[in-house]
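Student: prediction below, plus the sequence it came from.
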Amino acid sequence: MSISVSDFLTRYRETRDLNIMLTVDEPWLEKHVCEQSSVKGPLSGKLIVIKDNINVKGLLNTCGSAFLKNYISPYDATVVERIKKAGGIIAGKANQDEFAMGSSTEYSAFGPTKNPVNPEYVPGGSSGGSAAAVAAGLADYALGSDTGGSIRQPAGFCGVVGLKPTYGRVSRYGLTAFASSLDQIGPITRSVRQAAELLQVIAGKDERDATSTDVEVDDYAGNLGNDNVRTLGVPFHLLREGLHPEVKARFEEAVAILKKSGKEIRDITLPHLSYSIAVYYILATAEASSNLARFDGVRYGVRSENSAASIDAFYSANREKGFGPEVKRRIMLGTYVLSSGYYDAYYGRAQKVRRLIYEDFQKAFRTVDAILLPTCPTPAFKLGENVNNPMAMYLSDIFTVSVNIAGIPGLSVPVGNTEEGLPVGMQILGNLYEESRILQLGHALETLQGSAVAGL
Ligand code: GLN
């Protein structure tokens, strides 16, 4: 049974204190529902919550930033266009860390989102609003964006499903860029089947995004029953230290369930994965410093009211006022690693290590069909716990960033809770364009766990 518009609005009102949505525009929604009522397609009547960095014509697109607090989008992102053509209903825009930089949604200029499972905890980030919307029952489907884990980590923290597709599988046209060589849009849903349904609609070549590829789009939902994964790789060497005991326990239980169901588990080595945080925070910040240069308060962004002595001072005043502290930190880091004299030492070297991480995965996929990893080393942390400790926040991305660095797809599925009731997620990684395969395994695991939602 799908969630109706009135159910959505009721749940939205009941959960206002969780600060999940940035925009729910009821008159816009009413008109939109009317227009969509005549569109028949695979998503007819289904509500989809959209992260606030994915443009929807006529709605605010703030990206969680005060800089864009008045920016109403004049166009639809390709994914939004495709959802509309498939009959889906855009419910509204969800909260996120400013410009998708963060792991907790606490870096939103509009206040943090709280985890619906336990409001003292963060929902993860940066797509925390999207994951919380699904977990709180506002909608069954949401879109997030994932540059270093921002779909999978919040899905893990909120106990829902999140898929980062292969780089190039989904058009980025209309996604406000953070790090263009890593960004990818993907579904956050209640079940694996719903993730397959939403991916089906948004995947495929788009002339407006030159990095989208025309590799054939599989029948993701139709193929869910044919699980043809035989061998699973687990990099046990990465799980020895720094893993929360209950995350380790839930992960091992899920591995044991899969083993019992007939899968062969192999110990694999990914020797360069320990460099992935360093590589990611060089490449992502370098690309961000360039992408965010367009926000100058002239064409995009709010202007500072103070009069400036020069054009440079004018830009500086606008950027000083518009960007929050984490975004400024990233711009400074990115500018530093790209600056002359440091480029080879940081950016150039990070590019080389990126290749080695990619090759580690390619080597592993020669012997296994999919790879299993925890989504995050810990369950959700408390609001405020890491907000002033950027290093702790960055380290929580240890298991997710390598997937973006290698460009491969990753699915996060819930594998149970801690004693305190906080969800734990596990990632299933596949080789390039093997979304169908990891969705099949995720679906099989969901069934084995008996956690498939009734009626799906
Ligand atoms: N947490 C990571 C970061 O802060 C990932 C963000 C993302 O995937 N957008 O950069």
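Tutor: That came in fine, so what should we check first?
Student: which stretches of the chain form strands?
Tutor: 21-23, 47-51, 89-94, 141-146, 161-164, 184-189, 231-234, 264-267, 370-374, 410-417, 423-429 (DSSP state E).
Student: now those in a markdown table, with mean pLDDT and mean neighbour count?
Tutor: In this view, the C-beta of every residue, glycine as well, is placed from N, C-alpha and C. Shown next, in a markdown table, are these (pLDDT from 0 to 100; neighbours: other C-beta atoms under 10 Å):
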| stretch | mean pLDDT | mean neighbour count |
| --- | --- | --- |
| strand 21-23 | 98 | 22 |
| strand 47-51 | 98 | 28 |
| strand 89-94 | 98 | 28 |
| strand 141-146 | 98 | 30 |
| strand 161-164 | 98 | 32 |
| strand 184-189 | 98 | 31 |
| strand 231-234 | 98 | 19 |
| strand 264-267 | 98 | 13 |
| strand 370-374 | 98 | 25 |
| strand 410-417 | 98 | 26 |
| strand 423-429 | 98 | 27 |
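Student: for Glu305, find the nearest of those.
Tutor: Of all these, it is strand 21-23 that lies closest to Glu305, at 24.2 Å by C-beta to C-beta.
Student: surely Gly148 and Asp397 touch.
Tutor: Yes - under the criterion of C-beta atoms under 8 Å, Gly148 is in contact with Asp397, at a separation of 5.2 Å.
Student: shared neighbours of the two, which are they?
Tutor: Overlap between the contact sets of Gly148 and Asp397, as judged by C-beta atoms under 8 Å, 6 or more residues apart in numbering, is given by Tyr280.
Student: which of these two has more residues huddled nearby?
Tutor: In terms of neighbours (other C-beta atoms under 10 Å), Gly148 is the more surrounded of Gly148 and Asp397; the figures are 29 against 24.
Student: show me what contacts that one?
Tutor: Gly148 neighbours (C-beta under 8 Å, 6+ apart): Ala179, Leu182, Tyr280, Ala284, Asp397, Thr400, Val401, Asn404.
Student: find the nearest non-adjacent residue to Tyr346, please.
Tutor: The spatially closest residue to Tyr346, leaving aside those adjacent along the chain, is Val337, at 3.9 Å (C-beta to C-beta, 6 or more residues apart in numbering).
Student: if you could redo that for Leu60, that was the one I meant.
Tutor: Take Leu60 and drop its neighbours on the chain: the residue closest to it by C-beta to C-beta, 6+ apart is Thr23, 4.9 Å away.
Student: distance of the one you found from the ligand?
Tutor: With distances taken as C-beta to the nearest ligand atom, to the nearest Å, Thr23 is found 20 Å from the ligand.
Student: show me what contacts that residue?
Tutor: For Thr23, the residues meeting the contact criterion (C-beta under 8 Å, 6+ apart) are Asp52, Leu59, Leu60, Gly92, Lys93.
Student: let me see the contact set for whichever residue of the stretch 301-450 of the chain sits closest to the ligand.
Tutor: Evaluated by C-beta to the nearest ligand atom, the stretch 301-450 of the chain has Asp397 as its residue closest to the ligand, separated by 4.8 Å. Applying C-beta under 8 Å, 6+ apart, one finds that Asp397 lies in contact with Ser103, Gly148, Gly149, Gln153, Ile277, Tyr280.
Student: what are the ranges of the helices in the stretch 51-200 of the chain?
Tutor: Per DSSP state H, counting those that start in this stretch, the stretch 51-200 of the chain carries helices over the ranges 78-85, 128-135, 152-158, 192-202.
Student: columns mean pLDDT, distance to Ile3 and mean neighbour count on top of those, output as CSV?
Tutor: CSV is the format used below for these (pLDDT from 0 to 100; distance: least, C-beta to C-beta, whole Å; neighbours: other C-beta atoms under 10 Å):
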stretch, mean pLDDT, distance to Ile3, mean neighbour count
helix 78-85, 98, 15, 22
helix 128-135, 98, 10, 35
helix 152-158, 98, 16, 35
helix 192-202, 98, 11, 25
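Student: closest to the ligand out of the ones you listed?
Tutor: For the helices of the stretch 51-200 of the chain, proximity to the ligand was assessed by C-beta to the nearest ligand atom; helix 152-158 is nearest, at 6.8 Å.
Student: for that closest one, packing partners?
Tutor: Taking 3 or more C-beta pairs under 8 Å, 6 or more residues apart in numbering; DSSP states H and E as contact, the helices and strands that helix 152-158 lies on are helix 128-135, strand 141-146, strand 161-164, strand 410-417, strand 423-429.
Student: dump these into JSON lines; add distance to the ligand as well.
Tutor: Shown next, in JSON lines, are the helices and strands packed on helix 152-158 (distance: least, C-beta to the nearest ligand atom, whole Å):
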{"stretch": "helix 128-135", "distance to the ligand": "10"}
{"stretch": "strand 141-146", "distance to the ligand": "5"}
{"stretch": "strand 161-164", "distance to the ligand": "8"}
{"stretch": "strand 410-417", "distance to the ligand": "11"}
{"stretch": "strand 423-429", "distance to the ligand": "14"}
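Student: right, and the ones you listed - which one's nearest Pro112?
Tutor: It is, among those and with distance given as C-beta to C-beta, helix 128-135, at 7.8 Å.
Student: that older thread, just tell me which of the helices and strands packed on helix 152-158 ends up closest to Ile48.
Tutor: The nearest among those, by C-beta to C-beta, is strand 141-146 at 4.5 Å.
Student: thinking again about what came up before, the helices of the stretch 51-200 of the chain: which one's closest to Gln351?
Tutor: If we rank the helices of the stretch 51-200 of the chain by C-beta to C-beta, the stretch that ends up nearest is helix 152-158, at 23.9 Å.
Student: okay, and the beta partners of the residue nearest to Leu60?
Tutor: The bridge-partner assignment for Thr23, based on DSSP bridges, gives Lys93.
Student: can I get the strands of the chain in CSV with distance to Ser436?
Tutor: Rendered in CSV, the data for the strands of the chain read as follows (distance: least, C-beta to C-beta, whole Å):
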stretch, distance to Ser436
strand 21-23, 32
strand 47-51, 21
strand 89-94, 26
strand 141-146, 19
strand 161-164, 11
strand 184-189, 14
strand 231-234, 16
strand 264-267, 20
strand 370-374, 11
strand 410-417, 11
strand 423-429, 12
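Student: which bits of the stretch 51-200 of the chain sit near the ligand?
Tutor: Proximity of the stretch 51-200 of the chain to the ligand is assessed by C-beta under 6 Å from any ligand atom, with Ala100, Met101, Gly102, Ser103, Ser126, Asp146, Thr147, Gly148, Gly149, Ser150, Phe178 identified as the residues in range.
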